[in-house]
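Student: any chance you could fold what I've pasted below:
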Amino acid sequence: MFWQQLLHAVTGLKFWTRSEKGDFIEPFSERNLYPELEKSPEGHVSKEEMRALFEETMRQVDGFFAHKDDKWLFADNAIYEKLKNFDIVEMQIRHIQYHVGHCNAILRERDLPAVGWEENYG
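Tutor: Numbering: from 1, shown residues only. This is a model prediction of the structure:
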């Protein structure tokens, strides 16, 4: 499902860009959506709910990068010390790219236009 791919990618961002360890509660966990893609979802999420989750997650991602420097980039990650912050950043870039491609394939299979490339340099 298209929205489950989006939920999976956003949930990954939300998990990996936390600033401290602790329990992680998956978004919409009460609906059995399975953002780890291990099963078909039993519930659903609306476009508005996905948009709100995305906006919330982007605020978290902005905080993850705020006021950071090269020293931080190569420091141990706060939630998983076996990885450096750089590893988390690289991992999320690859992960998001994969799921954008997957979602574009879903759109194309339905004769819908794929998502265009957006350049944002500033």
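Student: now do the buried residues in the longest helix along the chain.
Tutor: Assignment by DSSP state H gives helix 85-109 as the longest helix of the chain. Within helix 85-109, the residues that qualify as buried are 85, 87-89, 92, 99-100, 103, counting by 16 or more other C-beta atoms under 10 Å. Every residue, glycine included, has its C-beta placed from N, CA and C.
Student: next one: stretch 29-41
Tutor: Buried residues in stretch 29-41, defined by neighbour count with 16+ other C-beta under 10 Å: 33-35, 41.
Student: need the residues that contact it.
Tutor: 1, 4-5, 7-8, 11, 26-27, 42-45 (C-beta atoms under 8 Å, 6 or more residues apart in numbering).
Student: which of the buried residues of stretch 29-41 fall within strands?
Tutor: Using DSSP state E, no member of these sits in strands.
Student: what's the farthest-apart pair in the residues you listed?
Tutor: Distance extremes for the buried residues of stretch 29-41: the farthest pair is 35 and 41 at 8.8 Å, using C-beta to C-beta.
Student: secondary structure class for residue 22?
Tutor: Following DSSP: H, G, I helix; E, B strand; the rest coil, residue 22 is assigned to coil.
Student: if we can go back for a sec, just among the contacts of stretch 29-41, which is most surrounded?
Tutor: residue 7 (26 neighbours; other C-beta atoms under 10 Å).
Student: how about that one, what does it touch?
Tutor: Going by C-beta under 8 Å, 6+ apart, residue 7 touches 27-28, 33, 35, 45, 50, 53.
Student: swap the cut-off to 7 Å and go again
Tutor: Contact analysis of residue 7 by C-beta atoms under 7 Å, 6 or more residues apart in numbering lists 33, 35, 45, 50.
Student: any idea how far it lies from residue 56?
Tutor: According to C-beta to C-beta, to the nearest Å, residue 7 and residue 56 sit 13 Å apart.
Student: do the same with residue 86
Tutor: 25 Å.
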